[in-house]
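Q: Dropping the sequence and predicted coords here.
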Amino acid sequence: MDHKWYILQVLSNREKKAKRTIEENLEVMGMKDFIQEILLPTENVLDVKKGDQKVQEKLIWPGYLLVKMILSDESWHYIKETNGIVGFLGGGAPTPLSDQEVEDILKDLRKKKEEVVLKHDIRVGDAVKIIDGVFINFAGTVTEVFHEKGRLSVLVSIFGRDTRVDDLEFWQVEKNAVE
C-alpha cells in the first residue's frame, strides 16, 4: 500500500501538542509503518516591538496538520483517538490529497521556510486608522515606513489641514481604514 497525504483538523492552539503526541506514540502503538510523516505548516515572521526585531514561527493553517500515512482501520483509530485531533478533513471517509495538491503545498512550504515575511504588511500610500495614542480614531495615509524599527509616519487631516504624525508603531494603526 502507498502512503497518502491527508489533512487533519486539530483543536485550536493544540497543533504542536497533537503532532508531538502522534509522533511520540508511533512506536509503542505499532503505527510506525503506517504513519510516515506529520507536517505542521509554518512560516517565519519578522515582528518589531520597541525597536527589537524578532523572527517567530507562525502557523500558516491554524487548526490543521498534514499527515502522510496508509489509511487503515487501525491507523484511522490511532489518529482519531489522539488528544486534540478533531478528525480528518472530509469527514467519515477521509479523502487523500491529490499528487498535484501535495506538490503545490510542499513547494509553497519550502519557499516559506527559506524566507522571512513581515508581520505588518504596511506600505507607503496605504490607508490606515490610528487606533492608539493622541491621534486615536484619525484616518490617514502612510507616508513613510521603517520596517527595521517597527515604526511609520501617517498624514492625517486635522481641521482641514494635513498633519504628519511621526513615530507610530505598527500596532498603533489598523490597515485599510475607510476615510
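A: Good, I have the coordinates.

Q: who does the lengthiest helix in the chain touch, helix- and strand-wise?
A: For the chain, the helix with the greatest residue count under DSSP state H is helix 99-114. Applying 3 or more CB pairs under 8 Å, 6 or more residues apart in numbering; DSSP states H and E, one finds that helix 99-114 makes contact with strand 4-10, strand 42-49. No exception for glycine: its C-beta is placed from N, CA and C like everyone else's.

Q: wait, isn't residue 62 in contact with residue 15?
A: Yes - in this structure, residue 62 is within contact of residue 15 by CB atoms under 8 Å, at 7.1 Å.

Q: out of these two, which sits in the more crowded spot?
A: The residue with more neighbours, out of residue 62 and residue 15, is residue 15; 21 against 11, by other CB atoms under 10 Å.

Q: Leaving out sequence neighbours, find the closest residue to the more buried one.
A: The spatially closest residue to residue 15, leaving aside those adjacent along the chain, is residue 40, at 5.5 Å (CB to CB, 6 or more residues apart in numbering).

Q: And the closest residue to residue 116 other than its chain neighbours, what's its pLDDT?
A: Spatial nearest neighbour of residue 116, chain neighbours left out: residue 44 (4.6 Å); criterion: CB to CB, 6+ apart. If you check residue 44, the pLDDT there is 81.

Q: Residue 58 versus residue 44, what's the distance?
A: Applying CB to CB, to the nearest Å, the value for residue 44 to residue 58 is 8 Å.

Q: pLDDT weak spots in this structure?
A: Of all residues in the chain, those with pLDDT under 70 make up the ranges 48-51, 91, 118-119, 177-179.

Q: Please parse it into its domains.
A: The record's domain parsing of the chain by automatic domain parsing lists 4-118, 127-175.

Q: So for the host helix or strand of residue 140, what gets flagged as buried?
A: Using DSSP states H and E, residue 140 maps to strand 139-146. For strand 139-146, the neighbour count (16 or more other CB atoms under 10 Å) marks 139, 140, 141, 142, 145 as buried.

Q: counting contacts, what elements does it pack onto?
A: In terms of contacts (3+ CB pairs under 8 Å, 6+ apart), strand 139-146 is packed against strand 127-130, strand 151-158.

Q: tell me the angle of it relative to strand 151-158?
A: Per axes from the mean of the first three to the mean of the last three CA atoms, to 10 degrees, the angle that strand 139-146 makes with strand 151-158 is 160 degrees.

Q: roughly how far out does stretch 28-38 sit from the chain middle?
A: Taking CA atoms, centre = their mean, to the nearest Å, the mean C-alpha location of stretch 28-38 is offset from the chain mean by 27 Å.

Q: Okay, buried residues for it please.
A: 29, 31, 34, 35, 38.

Q: what sits opposite the fourth one in the beta ladder?
A: In this structure, residue 35 has beta-bridge partners residue 69, where bridges are defined by DSSP bridges.
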